[in-house]
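Undergrad: prediction below, plus the sequence it came from.
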Amino acid sequence: MSLALKDDRKFSYADYLSWKDGKRWEIIEGEVYDVSPAPSREHQKISIRLSSFFEQFLKEKSCEVYAAPFDVRFGETSERDEEIETVVQPDISIICELQKLDDRGCLGSPDLIVEIISPSTAAKDMREKLFLYEKYGVKEYWVVYPVEMIVMVFTLENEIYRKAKVFSKEETIESLVVCDLKVNLKNIF
């Protein structure tokens, strides 16, 4: 279950790196979230299909795709581990500014992030992460609902996400951020 752990202190990426308990964690503005247990089988199928599609599509492009677990670190002004208070593991990230990549993941905003909703993460993905990704300038945020077989797409415009477009299983999403990227959802669900 994705719960914020109650603690008065703010955690950093340096703290995160020291945790050796085998669990998956995220830190959003200093607050710790447990992202265990593993996602459902349907969640995994969608993640694999989308990641594979993106990987094939991006082969000849100057962008790269990464699937969770993959650390995305957001910092206000610093790259120092002790000062980074937000690290998340989106289900899928596409990064076109390759200088943001290092051996530990991505430092800064991916161009496109996909989160696949599960009952334990729905509230966090649609509240905290929506605001977080908007704040740090993630240009496009896709929220996949496996049960309903829909995808909500938020696109950043003037530093604010405009009203989400909702796509059903019968439709094709055309990214406004990754040039020529079109995803026919019947191949995903």
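TA: Looks like it arrived, so ask away.

Undergrad: surely residue 146 meets residue 46?
TA: Yes: if you go by C-beta atoms under 8 Å, residue 146 and residue 46 touch, sitting 5.8 Å apart. The C-beta positions use only the backbone N, C-alpha and C, and glycine is treated the same way.

Undergrad: between the two, what contacts are shared?
TA: 116, 189 (C-beta atoms under 8 Å, 6 or more residues apart in numbering).

Undergrad: and the two? Which one has more around it.
TA: Neighbour comparison, residue 146 and residue 46: the larger count goes to residue 46, with 24 against 18 (by other C-beta atoms under 10 Å).

Undergrad: what sits against the more buried one?
TA: 116, 144, 146, 188-189.

Undergrad: same check, this time on residue 30
TA: For residue 30, the contact set (C-beta under 8 Å, 6+ apart) comprises 9-12, 85-86.

Undergrad: repeat that for 7 Å
TA: Neighbouring residues of residue 30 by C-beta atoms under 7 Å, 6 or more residues apart in numbering: 10-11, 85.

Undergrad: for stretch 155-169, measure first residue to last.
TA: Criterion C-alpha to C-alpha, to the nearest Å; first-to-last residue distance in stretch 155-169 is 20 Å.

Undergrad: off-centre distance for that stretch?
TA: 15 Å (C-alpha atoms, centre = their mean, to the nearest Å).

Undergrad: need the residues that contact that stretch.
TA: Residues outside stretch 155-169 that contact it (C-beta under 7 Å, 6+ apart) are 134, 137-141, 149-154, 173, 176, 185-186, 189.

Undergrad: and the contacts of residue 46, which is closest to residue 123?
TA: Lowest distance from residue 123 to those (C-beta to C-beta) belongs to residue 116, with 14.6 Å.

Undergrad: keeping just the C-alphas, turn the longest helix seen in the chain into CSV.
TA: Secondary structure of the chain read by DSSP state H shows that its longest helix is helix 41-58. What follows is helix 41-58, C-alpha atoms only, in CSV (Å, rounded to 0.1, in the frame of the first residue of the first chain):
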residue,chain,number,x,y,z
ARG,A,41,-0.3,-8.8,-13.2
GLU,A,42,-2.5,-6.5,-15.4
HIS,A,43,-0.4,-3.5,-14.3
GLN,A,44,2.7,-5.3,-15.3
LYS,A,45,1.3,-6.4,-18.7
ILE,A,46,0.4,-2.8,-19.5
SER,A,47,3.8,-1.5,-18.4
ILE,A,48,5.6,-4.0,-20.5
ARG,A,49,3.5,-3.3,-23.6
LEU,A,50,3.9,0.4,-23.3
SER,A,51,7.6,0.2,-22.5
SER,A,52,8.3,-2.1,-25.4
PHE,A,53,6.3,0.1,-27.8
PHE,A,54,8.2,3.2,-26.6
GLU,A,55,11.5,1.4,-26.8
GLN,A,56,10.9,0.4,-30.4
PHE,A,57,9.6,3.8,-31.4
LEU,A,58,12.5,5.7,-29.8
